[in-house]
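*Asks:* Test case, fold it:
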Amino acid sequence: MLTITLLGTAATMPLPDRALSAAFAACGGHGLLWDCGEGTQAAAHRAGVNLMRADAICLTHYHGDHIFGLPGLLQTLGAQGRTRPLALLGPEGLPDIWAAVRALTGPLPYPVKLQVLMPGQPLALDTLGEGWPAGARLVPFATKHRVKSLGYRLELPRAGKFSPEQARALGVPVQQWKLLQKGQSVAVEGRTVQPAQVLGAPRRGLSVVFSGDTAACPGLLQAAQDADLLLCDATYALPEQEAQARQWGHSTFGQSAALAAQAGAKRLWLTHYSPMITDPEEYAEQAQGIFPAAECGFDGKSITLQYEEVQP
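*Replies:* So this is what the prediction gives:
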């Protein structure tokens, strides 16, 4: 299972009911925080999200409305007794940003490990913490904003169906079945049994895409292919604002919906609203008329995605 919770859906400035950009992906006792705008901690508290479970904070870019919550959160994690390492991920320029943040936080009782990510270079999540499903990975991709920026695709693959009959025929003890199901080979009476010998064809996994700030672009289109959920920039509501969106490196409701439809995504959550949008639901038809599975995101909106029982 994979639970996604929006923690901030505002752009530029926080509002009483709308923190700045952030979302949390939880899988078991682990998690990833995407961006950390002002108000992230309060939004997480209201939504019942435990940020201590984060293995990494994944920054899309370094505009203030996406990072100004970072110093406070890092201090809070230390005050709550965190000692295990925390990864801080982001595009080029991360070391300079970290130097400024580190000056604000002062000494922390846990290590922060920086990793500059490049588009198209996946990160295996088991390198961040034990307990992620086998093969889980984070794939950064280039987005189209006014500065260097990334989006992120989180992928949880699913192995083929396990065959107890085949495992017994190969003499594999029951105690070792879980290792094969996790993709590990096992030794049986001096020979090696590979997972492929007891597993069927890979089944459809889960995927979630967090766009960050971006205009529609090839990187986002490719990343959103067949995604179970796309969290997408929808800074502007109306078609007549497309020129303004393009100027500032953002998207409209309709542009995000068109991209989701073209990519074959299953669900679209609009987010990162301009302060001009007081009630996103007033403009929902701008997206739903193009992509019926579009929904207006709001702080605290959450969904738990599960593997499909019937696979294509």
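
*Asks:* end-to-end on stretch 269-287?
*Replies:* Start-to-end span of stretch 269-287 (CA to CA, to the nearest Å) is 10 Å.

*Asks:* And the contacts of it?
*Replies:* By CB atoms under 8 Å, 6 or more residues apart in numbering, the list of residues contacting stretch 269-287 from outside reads 6, 9-13, 15, 18, 21, 23, 213, 229-239, 250, 252-254, 256-257, 268, 294-298, 301. Just so you know, the C-beta spots here come from the backbone N, C-alpha and C atoms, and that holds for glycine as well.

*Asks:* Which ones among these map onto strands?
*Replies:* In strands, judged by DSSP state E, the following of these are found: 6, 23, 229-233, 268, 294-296.

*Asks:* Closest one of the residues you listed to C36?
*Replies:* A23 (10.1 Å; CB to CB).

*Asks:* Do a quick rundown of the strands in the stretch 151-300 of the chain.
*Replies:* Listed in chain order, the strands found in the stretch 151-300 of the chain under DSSP state E, counting those that start in this stretch are 186-188, 191-193, 203-210, 229-233, 268-271, 294-296.

*Asks:* who are the neighbours in contact with the residue nearest to S251 when sequence neighbours are not counted?
*Replies:* Closest residue in space to S251, ignoring its immediate chain neighbours: D233 at 4.6 Å, by CB to CB, 6 or more residues apart in numbering. For D233, the contact set (CB under 8 Å, 6+ apart) comprises 211-215, 250-251, 256, 271-272.

*Asks:* how close does D233 get to L270?
*Replies:* Distance of D233 to L270, computed by CB to CB, to the nearest Å: 8 Å.

*Asks:* what's the pLDDT at the residue nearest to S251?
*Replies:* Per-residue pLDDT puts D233 at 98.

*Asks:* What average pLDDT does stretch 260-267 get?
*Replies:* For stretch 260-267, mean pLDDT is 98.

*Asks:* swap that for stretch 136-143, sorry
*Replies:* On average, stretch 136-143 scores 98.

*Asks:* contacts for it?
*Replies:* So stretch 136-143 is contacted by 27, 32, 56, 58, 60, 89, 91, 117-126, 149-157, 211-214, 217, 219-220, 222-223 (CB under 8 Å, 6+ apart).
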